[in-house]
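Q: attaching a predicted model along with its sequence, questions to come.
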Amino acid sequence: MKIKVLLFARLREIVGCEMVELYRNEMLTVRDVWDTLRAQFPQVEGFGKSLLFCVNQEFADLDTRIKEGDELAIFPPVSGGED
Amino acid sequence: MKIKVLLFARLREIVGCEMVELYRNEMLTVRDVWDTLRAQFPQVEGFGKSLLFCVNQEFADLDTRIKEGDELAIFPPVSGGED
Amino acid sequence: MRSYQQMETGDVYEIVRDAIHLDLLAKQLTQPQDGATLIFAGVVRNNTQGRRTLYLEYEGYEPMALRKMREIGETLKQRWAVNQVGIVHRLGRLEIGETSVGIVVTSAHRRTAFEACHFAIDTVKKIVPIWKKEFFEDGEIWVEGDFSQSPIL
Amino acid sequence: MRSYQQMETGDVYEIVRDAIHLDLLAKQLTQPQDGATLIFAGVVRNNTQGRRTLYLEYEGYEPMALRKMREIGETLKQRWAVNQVGIVHRLGRLEIGETSVGIVVTSAHRRTAFEACHFAIDTVKKIVPIWKKEFFEDGEIWVEGDFSQSPIL
């Protein structure tokens, strides 16, 4: 199964591209995608606890189920500003 | 003693002019001015409980002391708006 | 286009009889250290409680109104970390959709700008001696505030 | 000058790469039934905690950002008696003093406009996937939010 994942901001810079294609026999949840990503790009390790995951442009979590053709995106929290 | 009094908005319309000159032997406080005004312009009666008084462009009350040359103004409360 | 007269502090307090240009005012007031510019426009509405308004007329006690506008700006700068303040009120006849009062507040942070600007317009409506007369199809009325909320009490 | 694309509801949600014209946006959105137009401009500040900023770069996940901006506008109209909403965010390189995000809220009453507009910008900063990178004389940094306040928690 192939999944395309969009990366943004600092995560995009660390990985080095804005879209990565990940392959794995079976990817059922966002967690599987994340595990595949960090296996392929070890530099994202240590970043995982402060990332947001989206499926089809909606916020998701590691247990959110995915299927072929879904649009996945991973990125750091938005700036928040300072009030 | 002569005192010039500026009138605004509905009060100006009721009296019919925007500046009135009031004469009285002695005018010590805003209350004296107001008494003189309503003696001269009875149509302002019944209006008195909802008017604001200013001396030299500062909010005052009926007991505020005045002297020759002071700028007096009387007007209804400002619109307040509706939030 | 005209520009607004800035005081030594950079702030603007004006009473005008033609259109208020809030974009221009905001541009004049915003400084490099600002992170937020908040612009409030009080606009002439086409109705009051469902009654159709044709137009408004604003009358002011101009020197005192200017003085009170300045006082409000000074209060803003004392109470909040506000960088610049602009308060411009228009007098005379105004049509539906026109801006009667404009307030610009700039600050490093947005919460400050919101709080200060909201306080500014609420206070303008309470203590700045400007009145409006509303003209309807079948009459006219002076819009007056509540005396119990008057500034001398 | 360009005009902003209004949806069927009249509201505007746009991501742009050039200057945001808030005066134009406010003019397009203000309707005869409005009594208050509130305009918030998020401006590029010349410093962050005293460190001198040269310029910023904004990057966005555009389709999701637009979707979230629309969601915020819809929330505003559900929760408050807001007439029209405009949210425009700029991406790319921005210089000091330029507007990165503009929000316009119109309403019959000013308190509504203040509350709704403040909620709108706070929520934009939390859930709209747009990030900024700040460039200093001696380095650069991605400005990231607090994960504990993230939208999935």
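A: That came in fine, so what should we check first?
Q: please, where are all the helices along chain A?
A: A:9-15, A:30-40 (DSSP state H).
Q: for residue 38, which non-adjacent residue is spatially closest?
A: You didn't say which chain, so I picked chain A. Excluding the flanking residues, the one nearest residue A:38 by C-beta to C-beta, 6 or more residues apart in numbering or on different chains is residue A:44, at 5.2 Å. No exception for glycine: its C-beta is placed from N, CA and C like everyone else's.
Q: meant chain C actually
A: residue C:113 (4.0 Å).
Q: and that neighbour, which of the three is it?
A: helix (DSSP: H, G, I helix; E, B strand; the rest coil).
Q: that one and residue C:40 touch, don't they?
A: No. Checked against C-beta atoms under 8 Å, the pair residue C:113 and residue C:40 is beyond contact range at 10.3 Å.
Q: all the helices of chain C, in order from the start?
A: Using DSSP H, helices in chain C cover C:22-29, C:62-79, C:110-127.
Q: by contact count, what packs against the last one?
A: For helix C:110-127, the helices and strands in contact under the criterion 3 or more C-beta pairs under 8 Å, 6 or more residues apart in numbering or on different chains; DSSP states H and E are strand C:36-43, helix C:62-79, strand C:82-90, strand C:99-107, strand D:36-43, helix D:110-127.
Q: same question, the first one
A: When contacts are defined as 3+ C-beta pairs under 8 Å, 6+ apart, helix C:22-29 packs onto strand C:12-16, strand C:36-43, strand C:82-90, strand C:99-107, helix D:22-29, strand D:36-43.
Q: residue contacts, residue A:43?
A: Neighbouring residues of residue A:43 by C-beta atoms under 8 Å, 6 or more residues apart in numbering or on different chains: A:14-15.
Q: please, where are all the strands along chain A?
A: Taking DSSP state E as the criterion, chain A carries its strands at A:2-7, A:19-23, A:52-55, A:58-60, A:72-75.
Q: what about the residue nearest to residue A:38, distance to residue D:145?
A: 18 Å (C-beta to C-beta, to the nearest Å).
Q: what does residue C:100 give?
A: Distance from residue C:100 to residue D:145, by C-beta to C-beta: 39 Å.
Q: ok, now residue C:69?
A: 38 Å.
Q: what about the two, which has more around it?
A: Using other C-beta atoms under 10 Å in any protein chain shown as the criterion, residue C:69 and residue D:145 rank with residue C:69 on top: 28 against 20.
Q: and chain C, which residues reach chain D?
A: C:21-23, C:26, C:30-47, C:96-97, C:99, C:106, C:108, C:110-111, C:113-114, C:117-118, C:121 (C-beta under 8 Å from any C-beta of the partner chain).
Q: list only buried entries from these.
A: C:21-23, C:26, C:30-31, C:33-46, C:96-97, C:99, C:106, C:108, C:110-111, C:113-114, C:117-118, C:121 (16 or more other C-beta atoms under 10 Å in any protein chain shown).
Q: center of chain A, which residue is that?
A: Compute the mean C-alpha point of chain A, and by C-alpha atoms, centre = their mean the closest residue is residue A:74, 3.4 Å away.
Q: I'd like the distance between residue C:54 and chain B.
A: Distance of residue C:54 to chain B, computed by C-beta to the nearest C-beta, to the nearest Å: 18 Å.
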